[in-house]
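# Structure for this input, please:
(one chain, ligands or ions: 2)
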Amino acid sequence: MPVTTANLGFPRIGPRRELKKALEAFWAGRIDEGALRDTARRLRAANWARQRDAGIDVIPSNDFSLYDQVLDTSVMLGAIPAPYRALGPQDSLAVYFAMARGTRSDQGGDLPAQEMTKWFDTNYHFVVPEVGPDQDFTLCAAKPLGEFAEALALGHRTRPVLLGPVTWLLLAKSNQAGFDPLTLLPAILPLYRELLSRLRAAGAQWVQIDEPALVLDLDERARSALRTAYAALCGPDSPRIMLATYFGGLADNRELALSLPVDGLHLDLVRAPEQLEPVLDGAREDLVVSAGAIDGRNVWKCDLAALLDRLGPAARARREIQLAPSCSLLHAPIDLALETELDPQLAEWLAFAVQKLEELALLRLGLEHGPYVIADELAANADAIAARRGSALTNDPAVRARVAEVAPDWTRRALPVERRLARQRERLRLPSLPTTTIGSFPQTEAVRKARAEHRKGTLDQAGYDAFLRAETERAIRRQESLGLDVLVHGEFERNDMVQYFGERLSGFAFTRAGWVQSYGSRCVRPPILYGDVARPRAMTVNWWRHAQGLTERPVKGMLTGPVTILQWSFVRDDQPRAETCRQIALAIRDEVADLEKAGARIVQIDEAALREGLPLRRADWNDYLGWAVACFRLAAAVAAPETQIHTHMCYSEFNDIIDAIGAMDADVISIETARSKMELLDAFATCRYPAQIGPGVYDIHSPRVPSTDEMRALLVKARGAFDPGQLWVNPDCGLKTRRWEDVEPALANMVAAARLVRAETG
Ligand SMILES: Nc1nc2c(c(=O)[nH]1)N[C@@H](CNc1ccc(C(=O)N[C@@H](CCC(=O)N[C@@H](CCC(=O)N[C@@H](CCC(=O)O)C(=O)O)C(=O)O)C(=O)O)cc1)CN2
Ligand SMILES: [Zn+2]
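Ligands and ions are numbered 1, 2, ... in the order given. As a prediction, this is how the structure comes out:
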């Protein structure tokens, strides 16, 4: 049987972030819809051509999105809450972007954005579908059909990608307590059937339906929903269906998956290599097995020889095998060829999206015709793998020795939380319901321009520093006049909360163009953590000292925590993540000690990604939470009892990990709650969280300015769940993506709300 190559999805932002730039220009009114759609069309055409040129047989369509593929699915099904629906036709950009971003009052609207949350265990965010009991659905198939036709006209008979109905419903939230979105399955299946038959009529021979929910712990409802769904969707009117699972193994869902009448099954063999044999053994003979053998979530070159060995037997059997990345390449940077400044030795070890597709093509040649047809490439690949394994770059004996020295008391603070808080109260003398922000202030055009000029060399170090110091001073003055109680320096010197630290630690490398979409137009450039991590010198102390020197009010030292640095980097795969994380924790611990020595009374250690790093299967939780919490404590516990340790987390569902949150033993935690209207607080209240907590009252993901009343109502709700002395008042997250014009009135309203509630509480 032939071996084919397939891709599950290609990054859509463009090699130079063309989509980001076009979106932001459109939102700012600088370009019109036609120009935005032209850019989108050009990007799709270029992506299809690149995939074909790389040797990919099965190329996806409808993997493109102007914002998010889950939102695309909601709109396609007509799951549009009434206030947005009123803004225009189902497929209009007005409706689409209102759901994604909310509408601004100065433009005649005042709608909040829909909730956003993390896509499985990635740093990609999707817009959460919202449905209710009297939900009606209406199919608008323009996007998948349009993109299929567009590709066909360019000579590519693509395999359209659809998000599966069961995963879509499992990700949806109900707008009414007690309602289970999964009960809507019978209502959406006819729409999917209609869509499939129209795709088939348009010439699609296959579709890829993503059901990553199949790698989760599923209850019987979800399992039976999958059976019902695929019994309905597979049939003579549909194209053949490649059911895609990724981000983990099928494990106890394997038999279920194999019982579905689909034509193909995609497996993530990077996260769960052990599932290949049992699937091959258990599958119908005509089931096409898609082997997700190349890591779509990391940047390392594959080991070609090892993969030829592993996949050889499957390729020689009678079944059709497809070679693919483990998941969509959405999570990988686009093209290593754009990196001109990487250490050439390190560059030899890497593969980005384009290179990963080339690896697939090589692998196919090797499997089909024997390794000798790719002898040169195999030899080069083996050299790179061996060089990385043996390289001194990845091994720093001093770091190893220090990690070995860590003793249990390094992770314990000297006093229990109640006694620490008492001392901190004495020292800080804050009002009740103290107000603060999460750290960053707007990264304005001017800030980015200064940084870009500094990098290019047109602004010298002294000039750049002077600029940043002035910017920090302005932020301090603004916070003082807003009446905030605990201040921040504003993070103007940071390009990103992870990249900034990576750039100051050894063991990390950086790309020029290795952008990965985080949400909408927002991208990150995850550092590449290739070696042992050490901190050559203090990273933040001078900025903190400058800021604290400008004001009497306490300024928080501001650090990113070890788990978050780990989670948002491309991490070495030659040792356990826990080991790498401990090295980062020691570096952050030294920074905490230095900030304290410099006089910081409060140090915030952000662990925004702690929840996102949670394994998808419950059976793996304890192990992860054990080392992740220990790493946070290793970083924090060096602080004296009177130094207040804050932590911050966003988009976190804490209900099921609340014990671990408590075990972090922070003095204050700030969390995202505004969008979910304080839903999260129950967990903290029920477990009688002993420390202090700042539930976000201002949704910073949207440019909308929340009113005093609205934030006051949220605070009143929070006050019901906690002791008055326990609560802080703050936004959901940092303000770097916002403009001062929105931030100032919003924070003024926030301070006013805090004062109202203080007065009411007496
Ligand atoms: N790593 C990470 N993950 C996270 C978050 C986060 O802050 N960091 N926050 C949460 C939400 N996610 C977010 C992700 C990105 C951004 C964001 O604002 N990203 C910026 C880029 C930030 C950055 O790296 N900026 C650099 C580079 C700026 C830039 O574009 N420079 C140009 C040159 C510009 C010029 O020459 O004028 C270039 O490099 O091409 C800088 O400021 O220095 C963006 O997309 O616009 C916000 C939130 C969850 N995950
Ligand atoms: Zn945050």
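
# pLDDT value on Asp106, please?
On pLDDT, Asp106 comes in at 66.

# Past whichever helix or strand Arg474 is part of, which element shows up next along the chain?
Element membership for Arg474 (DSSP states H and E) is helix 461-482. For helix 461-482, the succeeding helix or strand toward the C-terminus, using DSSP H and E, is helix 499-504.

# and that next one, what other elements does it pack with?
strand 557-560 (3 or more CB pairs under 8 Å, 6 or more residues apart in numbering; DSSP states H and E). For every residue, glycine as well, the C-beta is placed using N, CA and C.

# And the contacts of the strand it packs on?
Identification of contacts with strand 557-560 by CB atoms under 8 Å, 6 or more residues apart in numbering yields 439, 488-489, 491, 497-498, 500-501, 540-541, 544, 588, 591-592, 595, 600, 602-606, 608, 635.

# tell me which residues of it are tucked away?
557-560 (16 or more other CB atoms under 10 Å).

# Return it as PDB; C-alpha atoms alone will do.
Output in PDB follows, covering the C-alpha atoms of strand 557-560 (Å, rounded to 0.1, in the frame of the first residue of the first chain):
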ATOM      1  CA  GLY A 557       9.000  43.300  42.200                       C
ATOM      2  CA  MET A 558       7.700  41.500  39.100                       C
ATOM      3  CA  LEU A 559       8.900  38.100  38.100                       C
ATOM      4  CA  THR A 560       7.700  35.300  35.800                       C
END
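
# hmm, that strand in reach of ligand 2?
No. Figure legend: strand 557-560 not in contact with ligand 2 (CB under 5 Å from the ion); closest approach 10.5 Å.

# 19 is where my numbering starts, stick with that
From this message on, residue numbering opens at 19, which makes the last subject strand 575-578.

# which is the next helix or strand following that strand?
Counting by DSSP H and E, what follows strand 575-578 is helix 580-585.

# Now do the contacts for the residue in the stretch 69-218 of the chain that ligand 1 sits nearest to.
Distance from ligand 1 to each residue of the stretch 69-218 of the chain (CB to the nearest ligand atom) is smallest for Asn141, at 4.9 Å. Asn141 sits next to 349, 534, 536, 542, 544, 585-586, 627, 630 when contact means CB under 8 Å, 6+ apart.

# The residue lying closest to Phe510 once chain neighbours are set aside and Ala402, how far apart?
Of all residues not flanking Phe510 in the chain, Glu489 sits nearest, at 4.5 Å (CB to CB, 6 or more residues apart in numbering). Look at Glu489 and Ala402: by CB to CB, to the nearest Å, they are 43 Å apart.

# Same question for Gln461.
In terms of CB to CB, Gln461 sits 37 Å off from Ala402.

# Kindly report the same for Leu105.
52 Å.

# Leaving out chain neighbours, which residue sits closest to the residue in the stretch 469-618 of the chain positioned nearest to ligand 2?
Closest contact between the stretch 469-618 of the chain and ligand 2, by CB to the ion, is at Met515 (8.7 Å). Distances taken as CB to CB, 6+ apart put Thr578 closest to Met515, at 4.8 Å, once the chain neighbours are dropped.

# chain center to the lowest-mean-pLDDT helix or strand in the chain, what's the gap?
Lowest on mean pLDDT, DSSP states H and E among the helices and strands of the chain sits helix 699-704, with a mean of 83. Relative to the mean C-alpha coordinate of its chain, helix 699-704 is positioned 25 Å out (CA atoms, centre = their mean, to the nearest Å).

# helix or strand right after that helix?
strand 710-713.

# From Phe485, how far out is the residue positioned nearest the centre of the chain?
The structure's the chain has its C-alpha centroid closest to Asn141; by CA atoms, centre = their mean the separation is 1.2 Å. Distance, Asn141 to Phe485, using CB to CB: 29 Å.

# Could you do Cys158 as well?
With CB to CB as the criterion, Cys158 and Phe485 are 48 Å apart.

# got the contact list for Phe519?
557, 577-578, 583, 606.

# Equivalent analysis for Gly532, please.
Counting by CB under 8 Å, 6+ apart, Gly532 has contacts 317, 351-352, 357, 370, 543-544, 546.

# 6 Å instead?
By CB atoms under 6 Å, 6 or more residues apart in numbering, Gly532 lies in contact with 351, 543.

# secondary structure class for it?
Here Gly532 is recorded as coil under DSSP: H, G, I helix; E, B strand; the rest coil.

# and it, what pLDDT?
97.

# Return the distance of it relative to Leu396.
26 Å.

# same question, Arg211
Counting by CB to CB - Arg211 and Leu396 are separated by 46 Å.

# quick one: the strands in the stretch 69-218 of the chain?
For the stretch 69-218 of the chain, the strands defined by DSSP state E, counting those that start in this stretch occupy 78-79, 134-136, 143-145, 148-149, 177-181, 191-192.

# how about those strands in a markdown table, adding mean pLDDT and distance to ligand 2?
Below are the strands of the stretch 69-218 of the chain laid out as a markdown table (pLDDT from 0 to 100; distance: least, CB to the ion, whole Å):
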| stretch | mean pLDDT | distance to ligand 2 |
| --- | --- | --- |
| strand 78-79 | 98 | 32 |
| strand 134-136 | 91 | 12 |
| strand 143-145 | 96 | 12 |
| strand 148-149 | 98 | 22 |
| strand 177-181 | 98 | 26 |
| strand 191-192 | 95 | 20 |
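
# Please identify the most buried of those strands.
Of all the strands of the stretch 69-218 of the chain, strand 78-79 has the most neighbours on average by mean count of other CB atoms under 10 Å, namely a mean of 28.

# Show me what that strand packs onto, helices and strands only.
helix 160-171, strand 177-181 (3 or more CB pairs under 6 Å, 6 or more residues apart in numbering; DSSP states H and E).

# With just CA atoms, put the last one into PDB.
Coordinates of the C-alpha atoms in strand 177-181 are reproduced here as PDB (Å, rounded to 0.1, in the frame of the first residue of the first chain):
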ATOM      1  CA  ARG A 177      -8.900  18.000   2.800                       C
ATOM      2  CA  PRO A 178     -11.100  20.500   4.700                       C
ATOM      3  CA  VAL A 179     -10.700  20.600   8.400                       C
ATOM      4  CA  LEU A 180     -13.700  20.800  10.700                       C
ATOM      5  CA  LEU A 181     -13.900  20.900  14.400                       C
END
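
# That strand packs against which elements?
Strand 177-181 packs on strand 78-79, strand 224-228, going by 3+ CB pairs under 6 Å, 6+ apart.

# Tell me what angle that strand forms with helix 160-171.
Taking axes from the mean of the first three to the mean of the last three CA atoms, to 10 degrees, one finds strand 177-181 and helix 160-171 inclined to each other by 160 degrees.

# Can you give the strand pairings for strand 177-181, parallel or anti for each?
strand 78-79 (parallel), strand 224-228 (parallel) (DSSP bridges).
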